[in-house]
Every structure is written in C-alpha cells, then in structure tokens.
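>>> What follows is a protein structure lacking sequence information:
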C-alpha cells in the first residue's frame, strides 16, 4: 500500500494544481472569419460586463444576453465602427454598469478611490493606536506624592514574599 501512496499523491497534486481555464463561451458560428476583426471583438468583449452574470465579461459568459451583445459587437465592427464607437454604442444603451471599468466621475469616485481611502484610514488608525500610551494613568502620570506611596506599597508587597 505504501508504494502506491507517492504516485497517488502525485496524481492528486497534478489534478489539483493543473491550471483550469474556462471554456470559451463563443460558439463556432459566432466567430468572425477575419482574424483581426475577431481579435478586436474579443478585446471589446473583455471590456463589457454581462448584465446577467456577476462580474463576468460578455466574452466569458454563456448567458443569452451576453451572446446577443457579442453578436451586436461583431455586427457593429463589420459595419465599420471603431472599438470606441462600439463601446460607446453599448454604453449608451445599457449605462455605466455594462463597463467592467466604469469612468471616473462624481458618481463613481467612491468606487475608484474608496479602497485606497479605507486602507489609508486603517493605517492611520493603526499608527495612532501604536503610538498612544498604554493606559490613561501612564498618560496622566502620577503626582510625586502618590508615586512615592505606590513605591512604598510595592516594596512592602515584595517584603511579604
């Protein structure tokens, strides 16, 4: 049994560690014959979000709406539109949500800069906590009279041991 353990573990490791790539969602009849146009269509498809799926591009999604959007992108490209014109057309029809990288404006600044602000706030809080004195009595300090009394009490306690 022991001599089979190493090959079994190796096979298990290879099966788990092997890179998993998703199957392309584009059907055989969807792809354009012109390789250059197809490459542009794929690039545009990676920039547009599937409105049905969670954070998946239309290039990766199998949803019927994503398929329709891929066809629309290819139709606009074969009609002669530039990449920007195709993206602008889809953006005008579906809004900012269709863009995987929405524009930076007054409505999306929190989306873009919120994580950096939160990280900075956490770092400042951490620095503040580390530099702050350990307790309120350390920060206030004891008057000389009370400090002497505390020393006497501590010495008396040490003598009892």
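Arrived safely, thanks for sending. Quantities reported herein were computed from a predicted structural model and do not represent experimental measurements. Residues are numbered from 1 along each chain as shown.
>>> Flag the helix or strand of this protein with the lowest per-element mean pLDDT.
helix 136-140 (a mean of 52; mean pLDDT, DSSP states H and E).
>>> In the lengthiest helix in the chain, which residues are buried?
In the chain, taking DSSP state H as the definition, the longest helix is helix 109-131. Of all the residues in helix 109-131, not one is buried under the rule 16 or more other Cβ atoms under 10 Å. Placement of C-beta: from N, CA and C, glycine included.
>>> Centre of the chain to it, how far?
Relative to its parent chain, helix 109-131 has a centroid offset of 17 Å by Cα atoms, centre = their mean, to the nearest Å.
>>> Domain boundaries for this structure, per the record?
2-98, 109-160 (automatic domain parsing).
>>> Distance check, residue 3 against residue 69.
Here the criterion is Cβ to Cβ, to the nearest Å. By it, residue 3 lies 55 Å from residue 69.
>>> shaky segments in this protein?
1-2, 18-29, 133-141, 158-161 (pLDDT under 70).
>>> now the helices: where do they sit in the chain?
Using DSSP H, helices in the chain cover 2-17, 35-47, 64-78, 83-94, 109-131, 136-140, 144-160.
>>> quick one on the thing from earlier: which one's more surrounded, residue 3 and residue 69?
It is residue 69, of residue 3 and residue 69, that has more neighbours when counted by other Cβ atoms under 10 Å, with 25 against 6.
>>> Could you tell me how far the more buried one is located from residue 52?
Distance from residue 69 to residue 52, by Cβ to Cβ: 10 Å.
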